[in-house]
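1. Fold the following.
(4 chains)
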Amino acid sequence: MARLELDRLSKRYGDFHAARDVSLDVAEGEFLVLLGPSGCGKTTTLRMIAGFVEPTAGTVKIGGRDVTTLPPWKRNTGLVFQNYALFPHLTVGQNVAFGLEMRKVAKAEADAKVLDALKLVQLDHLIDRLPRQLSGGQQQRVALARALAFRPDVLLLDEPLSNLDAKLRHDVRVEIRSLQQRLGITTVMVTHDQEEALTMADRLVVMRDGAVRQIGSQKDLYERPADHFVADFVGRSSFLSGTMAGDAEMKTAGGLTVRCAKSLSGPAVMALRPERVYVGREPISGQDNTFPGEVEFVSYLGSLIDIHVRLSPQDRVIAQVPNHDSAALPAVGDTVHVGWAATPAVFPADSDMRA
Amino acid sequence: MARLELDRLSKRYGDFHAARDVSLDVAEGEFLVLLGPSGCGKTTTLRMIAGFVEPTAGTVKIGGRDVTTLPPWKRNTGLVFQNYALFPHLTVGQNVAFGLEMRKVAKAEADAKVLDALKLVQLDHLIDRLPRQLSGGQQQRVALARALAFRPDVLLLDEPLSNLDAKLRHDVRVEIRSLQQRLGITTVMVTHDQEEALTMADRLVVMRDGAVRQIGSQKDLYERPADHFVADFVGRSSFLSGTMAGDAEMKTAGGLTVRCAKSLSGPAVMALRPERVYVGREPISGQDNTFPGEVEFVSYLGSLIDIHVRLSPQDRVIAQVPNHDSAALPAVGDTVHVGWAATPAVFPADSDMRA
Amino acid sequence: MTGAAVTHTGKAARPGFRLRPGRWALKAAALVAFIYILTPLIFITWLSFYSQEIPSYPPQGYTLRWYGQAIGNQRFIDAFVISAQVGILATLIGLVIALPASLGLARLRFFGRGAVNNLLLMPLIVPGIVLGFAIYVMLVEVAIRFEWNMLNSFGGLVFGHVLLVVPWMVRLIMASLAGFDRTLEEAAMNLGANRLTTFRRVTMPGILPGIVAGSMFGFVASFGNLELSLFLVGPGRTTLPIAILQYLQWKIDPTIAAISVLQIIIIAVAMLITDRFVKLSRVV
Amino acid sequence: MTGAAVTHTGKAARPGFRLRPGRWALKAAALVAFIYILTPLIFITWLSFYSQEIPSYPPQGYTLRWYGQAIGNQRFIDAFVISAQVGILATLIGLVIALPASLGLARLRFFGRGAVNNLLLMPLIVPGIVLGFAIYVMLVEVAIRFEWNMLNSFGGLVFGHVLLVVPWMVRLIMASLAGFDRTLEEAAMNLGANRLTTFRRVTMPGILPGIVAGSMFGFVASFGNLELSLFLVGPGRTTLPIAILQYLQWKIDPTIAAISVLQIIIIAVAMLITDRFVKLSRVV
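-> Model prediction:
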């Protein structure tokens, strides 16, 4: 329950920058998620906060106190590991008591706190079991109880759901989030799963190649992605690539002239969210761009249907329509019209990205 | 390129039924997906087709020939393993040639076929590499080439994408699917990932506890799930549980009377697809059911927004709205109205399922 | 939950069907190896109950007399005590050296690590007589140079035996360390345990199997060693294997068979007890 | 791709910071163990170059004479040849027994599997003198009973040494099998290879490290063995360790040091060569 500040935190291994100038300010009680593909530096950053990795430069402050040079055991952070890391030779109760014992909390008080922590995760009835006697989901909750029992200043979650199966993952997400809100504990979670990040976070940090690409709310990232990478990584997009032709106009690789809501110059990429692309039998009125195209592929995704429309040999967009009962869907090979509004989601082409 | 028929295929280990009476008829060139949670019997079924597990009862026919008692090496199936299982001491080329060599194909002809197979997966330039020198995605494609090089009658895929990262998985899905269509090869894939199953399959088989629960197209499973389990496992649903009250009416646990399109008796569960639940400020007209409720949680999922509405202390439904630009979303605590059409998706409550 | 059960059952059945001829051949081979090793032990056990003094066939009757003679023989008792003392001391000293050395070898990267690792294997494979002579020479040189005579002393004997114990321990502790999940240590540190507490409370319990098995094997290797001891025992300080050898030079009767059987039983019991705590087949 | 690189780098740095005092202590311990084992070997090497015949200090000069004597001594040459022959034969026979036995033990579940497994460890830990005597007794009984005298014959010697070789092989082959991914075998069978072809083309290459290391250790264990051979050698058929022991009973001069150094070098070279193919530290 403390503010967490990272100031230009960096970690280099030889020539390799695992983290570069990561600056974050996590408010008391905030749930911050570090999101990115593997190798983006999110785990290194978390490990620098916990004290397992020594930063090459920069500082870590917890509750205003500079802990950059403190060893892990003097930092009072509660870390939930990806593999839970429960002590196999100790019972559930002894696992949860470990942090209290290290803090020399009196036996009676510790016992009460252990029970409280286990009640939080509804596992107090399993207090005398050994970890191997528990299911994966139960182990995960014991790990959470253990990290919370000694009231850490900051809760750190390292891909805590990645070892759970899909259905359970959905439930545990909601559980962790509501527990975090109830306790009002400052939390940093690391994940590569954007859906997990979007559902749980107060605020998200998208990282790549060790650096922060964008910080913001779900809405910020989705509606106003900072660059090509974020537009691709958060949410689904189809991309048109081309060259800026004039004021707020892009000429696509296939020769279409597309209006957008931002002026740039040079090679550019436009990101289109599939639900903002409308499909119809006639040219779409009321949209800044409307083009005819041929339906190439229709993908039935349950509640959603994706319609892939080819506008030119080089240009393809995906339109998403909700799967309503009587929707008369176009078939593969049909000619349809698609339309979308001029968008500010136009970025200089990122050479590292697939178009 | 042959028809595959399973007739009442069963496998028992002592008291445990790994597969019970699995009957399937896979047409030539069809892409069938076995879908289910871990332990549902899908892998056992695949292994019985490949010949690694001896059925307790039932028969396997490939191209009309009964292969039930043949060892794996006489079945002419091409299996792609979850961990790829490339021979680490052989080069990519030697791996792909293995099946041809076993069939005593002449060297020159085999070389040509190896090259063809590697070209199919666009890896002919890596023919002399060792597997450990390849990335995960490349290994996966070599495994596919190896399984295809000797023209198997049936291609078997055992969770072939589960070791790839998310972005790559999307691309490989499309690749495998189009390759399968181009070659017209009869294919059975096992997966627990419903999105994967929905995008790739011609037809899907949902399994649970060793038994087939439903066979059908994407649309069949999504729009006409056979039972509570399928409705829960395929696509997202929110469930109302209660008791059938009369003709096509259910009384929910929270006391609401809900109209449905099927008559049952006793305890029942109604599955509501979130995109078929409409939300508004006023009672929803034109729907068979409309109730007021309080917004409990709004979850921003990028292109979609989930609105969790509590109708009574025991009843909660989720409505999904597309994330359109100017949508004025209700806030947590608002009173809204939700409505939905009478649905045939009402099932006897399944005691194994969470409601 | 059901999921786990299924997968396991599925895996247990892996070898598949129609493999039965192969399976029987493999079982037969395991049986041959078993019999090969068991037969000499059965013969020596049989002999230890023969009533006649000169081993011959058929036995003229059976007796427990030789066990009485073996247990009652003061030379054997003294030798047994010496062997046990040397073994225990060597094991304790070996543990003090091997535990940190294993940690260092398993966890740190440093120049020459591979060389150290392979060198630690050497006492397992350098002929005992060579090793014994090498230690003898060293003690002679030390005695001449520093006038510190460890030769034929109890200390010299223990010193030599530590050399036998350390490689076993290092191997088995390193095997345990390889299977130990290091995030457990990070978890302990995150919960407030410093490095020492972490080692005591988390690492030690985790590698205890390797420590127990290493100590057991080290002790047994020391207890049964003949070659090293040949060079290092002093007058009136004989280890059990040497006492047996000396007895055999004088006469061959079932007493030696009896004392051999007793040793085999003691070692087998030690193995069984160890096996209760540590699956030997997994750790050795 | 970058991902993998990052993770690895991250893991290499695991031990974290501020752990330096602990690291040095561990390195020091590894160094102590290293020196402990190395010192006797250094002393014996030093002695082998002394020019004087009686080991004393300081050396009066250095010479290669003793190496010439060691290599030129017909008794040592004969004994070396015998030891090598016995070792190679025992290793080959051991392989025939140990390879299928390991497969059976690693892969099949049968009654008494744990017992067989532990029994196969016994020759590693039963005192050599006990084992030697047991084999001796057995051969005596067989000779009396069946009038088939293996005692003091080359065959008897090899028979005994197989017992030393098998446990090493079984251990090391089983360790290799444990790390072998069995889906590779399924892949081969799926591609059309029958059981035998699968074994030859896929399983064998996969467990080759264990087979090589097991053969190496088995051979070395046989080559250096004294206790078993003591009971089994016949007239004019002496193994190298026994020849050394006999020489030492007669006189102690640097010849034995020289021959010891030669043996150590041969074994070290064998280890290095094996280590090129198989990381010994991983498999032993």
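2. Name the surrounding residues that touch stretch A:129-142.
-> With contact meaning CB atoms under 8 Å, 6 or more residues apart in numbering or on different chains, stretch A:129-142 is reached by A:80, A:84, A:86-92, A:95-96, A:118, A:121-123, A:126, A:160-161, A:163-165, A:168, A:172, A:175, C:1. Where you see a C-beta, it was placed from the backbone N, CA and C, and this is true even at glycine.
3. Quick check: the residue of chain C nearest chain A.
-> C:G192 (3.3 Å; CB to the nearest CB).
4. Against chain D, how distant is that residue?
-> Distance of C:G192 to chain D, computed by CB to the nearest CB, to the nearest Å: 15 Å.
5. pretty sure that residue contacts A:W73?
-> Yes - when contacts are counted by CB atoms under 8 Å, C:G192 is listed as touching A:W73 (5.0 Å).
6. List the contacts of the residue of chain A at minimum distance from chain C.
-> Proximity of chain A to chain C (CB to the nearest CB) peaks at A:M102, 3.3 Å away. Contact analysis of A:M102 by CB under 8 Å, 6+ apart lists A:W73, A:F150, C:L191, C:G192, C:A193, C:T197.
7. rerun at 7 Å
-> C:L191, C:G192, C:A193 (CB atoms under 7 Å, 6 or more residues apart in numbering or on different chains).
8. How about it, nearest residue that isn't a chain neighbour?
-> Leaving aside its chain neighbours, A:M102 sits nearest to C:G192 (3.3 Å; criterion: CB to CB, 6 or more residues apart in numbering or on different chains).
9. so how many other residues sit close to the one you found?
-> 22 (other CB atoms under 10 Å in any protein chain shown).
10. Could you list the low-pLDDT ranges of the stretch 51-200 of chain C?
-> Applying pLDDT under 70 to the stretch 51-200 of chain C flags residues C:57.
11. cutoff 90 now
-> Low-confidence regions of the stretch 51-200 of chain C, defined by pLDDT under 90, span residues C:51-66, C:69-71, C:100-156, C:167-168, C:170-172, C:174-179, C:195-196.
12. how about the helices in it?
-> Counting by DSSP state H, counting those that start in this stretch, the stretch 51-200 of chain C has helices at residues C:65-72, C:74-107, C:113-119, C:122-125, C:128-146, C:154-178, C:183-190, C:195-198.
13. helices and strands around the second one, which ones?
-> Yep, that's helix C:74-107 we're talking about. helix C:113-119, helix C:154-178, helix C:204-224, helix C:240-250, helix D:20-48 (3 or more CB pairs under 7 Å, 6 or more residues apart in numbering or on different chains; DSSP states H and E).
14. Give me the distance between the residue nearest to A:A57 when sequence neighbours are not counted and A:F229.
-> In space, and not counting its chain neighbours, A:A57 is closest to A:S10: 4.4 Å by CB to CB, 6+ apart. According to CB to CB, to the nearest Å, A:S10 and A:F229 sit 20 Å apart.
15. can you count the residues close to A:G255?
-> Residue neighbour count, defined by other CB under 10 Å, stands at 12 for A:G255.
16. per-residue confidence at it?
-> Predicted confidence (pLDDT) for A:G255: 89.
17. got JSON lines for the helices and strands packed on helix C:74-107, with mean neighbour count and distance to chain B too?
-> Output for those, formatted as JSON lines (neighbours: other CB atoms under 10 Å in any protein chain shown; distance: least, CB to the nearest CB, whole Å):
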{"stretch": "helix C:113-119", "mean neighbour count": "17", "distance to chain B": "21"}
{"stretch": "helix C:154-178", "mean neighbour count": "24", "distance to chain B": "20"}
{"stretch": "helix C:204-224", "mean neighbour count": "23", "distance to chain B": "28"}
{"stretch": "helix C:240-250", "mean neighbour count": "19", "distance to chain B": "45"}
{"stretch": "helix D:20-48", "mean neighbour count": "18", "distance to chain B": "30"}
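18. Make a markdown table out of those and add distance to B:V279.
-> Listed next are the helices and strands packed on helix C:74-107 as a markdown table, based on distance: least, CB to CB, whole Å:
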| stretch | distance to B:V279 |
| --- | --- |
| helix C:113-119 | 65 |
| helix C:154-178 | 57 |
| helix C:204-224 | 54 |
| helix C:240-250 | 88 |
| helix D:20-48 | 60 |
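19. Distance to chain A for these - can I get that in TSV?
-> Putting those into TSV (distance: least, CB to the nearest CB, whole Å) gives the following:
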stretch	distance to chain A
helix C:113-119	20
helix C:154-178	13
helix C:204-224	5
helix C:240-250	37
helix D:20-48	11
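20. between these, which gets nearest to B:V258?
-> Checking the helices and strands packed on helix C:74-107 against B:V258 by CB to CB gives helix C:204-224 as the closest, at 55.6 Å.
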